[in-house]
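# just to be clear, the model below is a prediction. Sequence and coordinates:
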Amino acid sequence: MGERFKGFKRWIFVGSVLFLAVFLSAAFYWRYDILRTTLDPKVPFQTYEPPPAPDYAKPAAWVLRSQAATAGPADVFFVHPTTYDGGRDWNAPYDQPKAARYLNRVMLPNYAAPFARVGRIFAPHYRQASLYTFLTLRDDARDARRFAYDDVRQAFRYYLQHDNNGRPIVLVGVEQGGILAARLLNDEIAPNAAVRGRLAGAYLIETVVPADEYGPGTAIPACASRAEAGCVVAWASLVDGDFQQAQEFTGRSLVWNSGGDLVNLEGRAPLCVNPLVGAQTEVREPARSNLGAANATGLEWGSRPALLKRQVWAQCENGLLHTGRPKSTSLRDSGSWTDRRKVDGFNLFWADVEADALARVATLRARTDPVRIPGAPSDQP
C-alpha cells in the first residue's frame, strides 16, 4: 500500500511539473498577446476622456527647460520616447509618476545627455501615446499618437516665441518622439525659411521615416556628411541577423502622410543615416569608428557616463541600421517585457551623436552672421 501511495505521489509530481512546463511555454509563446491584452485601455478613443493638457508657460510642463547662460551655442528641442506602458489611458497624463521616473532614470541620461554640451535643452512633457499603441495597428492607437503630436507642436511654438531668440536649433526625437519630431520638421520647420535657417540638424533616433521624403532636392534633406548643417540624421537599428526585428520595422512601422494621418510604409525604404559617420551611406563602418557607447541609466543629470569605445560596427542595409553585437554586456537588452519593447536603456552611439551635433552647429554658425542667425527674433512665426 505504501509503495502504491509513493508511486501515486510521484505521478502527481510529474504531472504537476509537466503542467507547469506547458503553462510556462504557452505564456512565453503568447507573451505579447498577453501583454497587449493587459495594456489595452478597452475603451474606444472616440469616447475616451484624455488627461488635462500641459501649460507650457509653467515649469511643470517641461522635463528640461535650460536657461543657463553657460550652455553651448545652440538650443536642443528634445522629444522623449515612450515611457508609459498603458492599461487605463490611451495617452498618459504628462506628469504620470511611474513614466516620469523612467524618463528621468533611463531615457534622459542615455538620449538627451549626449546633447548637453551642444546647448540649452528644452524637453517638453506631453501626453504621450502609451506603449500599447505600438503593439497594435488599430485606428484608436493611431488616434492616440496623432493626439500626442498636438502637445509637441504647442510646446515647440511656445519655445520659439519665448526662448529661442534666433539661436541655432537642434531637433531631437527618439522612437515615439522621433515620429512626432518628423511631423514637426515637416509642418513647422521646413515651410518656414526663418526657422529652417536656424536648423543645425534634426536627429530622428530609432525612428522609421520614408527615405524618399528626404532626398537631395527637399527643403531638409538627409545628411550626406558630418560637415553639413540643416539636414536629417535618422536610423532604426537592429543587431545584424535579427530578421524578426527587421520584419517588424518594415511591416508594422507607421509614417505620416500629407494629410497628417499615420499609414504603413507600404514598401517604401526607410531613411538610414549611419551615426558613426553622420552620412547616408551603405558602407559598413568598422567598430573602430565608434567613438563611444554608454549605459548611462541611473546617472544624475549633468554626470558624464564612462564611454565604451569600439563597441559596434554599423551598416545601413535596406534602410535599416545593422550593428554588431556589443562587446560589453551592459549594452544588451534587459528588464521586463515592457522595458524590452521600449527604446534600449543604453545608447550605442552616445559619443558619436554628441560629436555629430557639435560639428553641425559649428558649420551653421560658420556660414551665418555671427551676431544674428537669420530670423531672429522679429521674424519668428
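In hand now; what should we look at?

# looking at it, residue 353 is touching residue 112, isn't it?
No: if you go by CB atoms under 8 Å, residue 353 and residue 112 don't touch, sitting 10.6 Å apart. No exception for glycine: its C-beta is placed from N, CA and C like everyone else's.

# quick one: the helices in the stretch 1-150 of the chain?
Ranges of helices in the stretch 1-150 of the chain, per DSSP state H, counting those that start in this stretch, are 2-29, 31-39, 97-102, 139-159.

# weakest of these in terms of mean pLDDT?
Ranked by mean pLDDT, the helices of the stretch 1-150 of the chain end with helix 2-29 at the bottom, a mean of 53.

# next, the buried residues of stretch 331-346.
331, 338, 339, 341, 342, 343, 344, 345, 346 (16 or more other CB atoms under 10 Å).

# tabulate the residues you listed (JSON lines), appending distance to residue 287, pLDDT and secondary structure.
Converted to JSON lines, the buried residues of stretch 331-346 look like this (distance: CB to CB, whole Å; pLDDT from 0 to 100; DSSP: H, G, I helix; E, B strand; the rest coil):
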{"residue": "331", "distance to residue 287": "12", "pLDDT": "95", "secondary structure": "helix"}
{"residue": "338", "distance to residue 287": "31", "pLDDT": "80", "secondary structure": "helix"}
{"residue": "339", "distance to residue 287": "26", "pLDDT": "80", "secondary structure": "helix"}
{"residue": "341", "distance to residue 287": "27", "pLDDT": "82", "secondary structure": "helix"}
{"residue": "342", "distance to residue 287": "26", "pLDDT": "88", "secondary structure": "coil"}
{"residue": "343", "distance to residue 287": "22", "pLDDT": "93", "secondary structure": "coil"}
{"residue": "344", "distance to residue 287": "18", "pLDDT": "94", "secondary structure": "coil"}
{"residue": "345", "distance to residue 287": "21", "pLDDT": "94", "secondary structure": "coil"}
{"residue": "346", "distance to residue 287": "16", "pLDDT": "97", "secondary structure": "coil"}
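
# can you tell me which of the residues you listed is closest to residue 222?
residue 343 (21.4 Å; CB to CB).

# my guess is the closest one meets residue 111, correct?
Yes: Residue 343 lies in contact with residue 111 (CB under 8 Å); the separation is 7.2 Å.

# tell me, what's touching those two both at once?
81, 174 (CB atoms under 8 Å, 6 or more residues apart in numbering).

# quick one, strands of the stretch 51-200 of the chain?
62-65, 74-79, 119-124, 169-174, 199-205 (DSSP state E, counting those that start in this stretch).

# I would like the residues contacting the next helix or strand after the last one, please.
The helix or strand immediately downstream of strand 199-205 is strand 231-235, counting by DSSP states H and E. The set of residues external to strand 231-235 that reach it, using CB under 8 Å, 6+ apart, is 178, 182, 185, 201-207, 209, 214, 220-224, 270-275, 278, 316, 320-321, 356, 360.
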